[in-house]
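> sequence below, structure please.
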Amino acid sequence: MNYFSYFSEIEDTFIRRRGKHLLLSPMDWALIESWKERGVPLHVALRAIEHAFDSYGAKKRKRSVKTLLYCQEEVEAQYAEWLESRVGSHEDEQTESGEDAKTPFPCDIVLAHLARSREELMKLADESRQTSTDEFCEALTRSTALLEELENDYAAAAQPDARKLEESLTGIERMLDETIRKTVSDDLLKSISADIDAQLKPYKRNMDKAAYAETYENLLRKRLRELLGVPRLSLFFL
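You can find the predicted model right below:
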């Protein structure tokens, strides 16, 4: 991740999660600068921003988030935890079974999954340059860079934390899902939506609105990922 990418990724994540285009203020840019100078890893800052918005969305509030300062406390907390995870020996944190203390998955399995996912996204980006939009290819390229950072960080951690890694992977998947939805044509989106409506019709009357909406969205994202060949990054797909 170069200097510009650090700023642009944080800006993109904040604007995407806020839901409305809002230029960052000089104070926000100064805040990002301070994170960069202190060595806050990009993936830690992005995970903290995602978590801050998830927490905000879980509570009904009249006011919207207007500044990156809202996420500062979570970034500081996540960074402190990240620094703690670097203390000690990686070998000391492993159990006799070869599993790490803070993850249910063996470290080598997780690293292989990250490497495989990164390679699949890189291959898809190369194949898509002639057929897909620049925005989709850019999202794939950004995702591979973020995955590489996560892979290197997880490999170097004295105390690898699969839960926090999963949160970071969820953020990347969320970005890819939103880009995919912008990439496909309206006609194709309507066709897929109609198929999903027909698939869920027999069950709709027995589902509450929230469950139906969530099931619908999950199926739509799944169909769109399969259509464009985008792999699942979650550790649940190890």
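
> just the CA trace of the strand or helix carrying Cys137, in PDB.
Using DSSP states H and E, Cys137 maps to helix 134-156. C-alpha atoms of helix 134-156 as PDB (Å, rounded to 0.1, in the frame of the first residue of the first chain):
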ATOM      1  CA  ASP A 134     -12.900  -0.100 -14.900                       C
ATOM      2  CA  GLU A 135     -14.600   0.300 -11.500                       C
ATOM      3  CA  PHE A 136     -15.000  -3.500 -11.200                       C
ATOM      4  CA  CYS A 137     -11.400  -4.100 -12.200                       C
ATOM      5  CA  GLU A 138     -10.200  -1.400  -9.800                       C
ATOM      6  CA  ALA A 139     -12.200  -3.000  -6.900                       C
ATOM      7  CA  LEU A 140     -10.600  -6.400  -7.700                       C
ATOM      8  CA  THR A 141      -7.100  -4.800  -7.700                       C
ATOM      9  CA  ARG A 142      -7.700  -3.000  -4.500                       C
ATOM     10  CA  SER A 143      -9.000  -6.200  -2.900                       C
ATOM     11  CA  THR A 144      -5.900  -8.100  -3.800                       C
ATOM     12  CA  ALA A 145      -3.700  -5.400  -2.300                       C
ATOM     13  CA  LEU A 146      -5.700  -5.500   0.900                       C
ATOM     14  CA  LEU A 147      -5.600  -9.300   1.100                       C
ATOM     15  CA  GLU A 148      -1.800  -9.200   0.700                       C
ATOM     16  CA  GLU A 149      -1.500  -6.800   3.600                       C
ATOM     17  CA  LEU A 150      -3.800  -9.000   5.700                       C
ATOM     18  CA  GLU A 151      -1.900 -12.100   4.800                       C
ATOM     19  CA  ASN A 152       1.500 -10.600   5.700                       C
ATOM     20  CA  ASP A 153       0.100  -9.200   9.000                       C
ATOM     21  CA  TYR A 154      -1.500 -12.500  10.000                       C
ATOM     22  CA  ALA A 155       1.700 -14.400   9.300                       C
ATOM     23  CA  ALA A 156       3.700 -11.900  11.400                       C
END
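
> by contact count, what packs against it?
helix 3-18, helix 42-57, helix 107-128, helix 162-183 (3 or more C-beta pairs under 8 Å, 6 or more residues apart in numbering; DSSP states H and E). (Glycine included, C-beta is placed from N, CA and C.)

> now tabulate these in a markdown table and tack on mean pLDDT and distance to Tyr216.
Converted to a markdown table, these look like this (pLDDT from 0 to 100; distance: least, C-beta to C-beta, whole Å):
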| stretch | mean pLDDT | distance to Tyr216 |
| --- | --- | --- |
| helix 3-18 | 86 | 21 |
| helix 42-57 | 92 | 19 |
| helix 107-128 | 94 | 26 |
| helix 162-183 | 93 | 13 |
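
> winner for burial among the ones you listed?
For these, the largest average neighbour count (mean count of other C-beta atoms under 10 Å) is found in helix 42-57, namely a mean of 21.

> just checking, what packs against that helix?
Contacts defined by 3+ C-beta pairs under 8 Å, 6+ apart place helix 42-57 against helix 3-18, helix 72-85, helix 134-156, helix 162-183.
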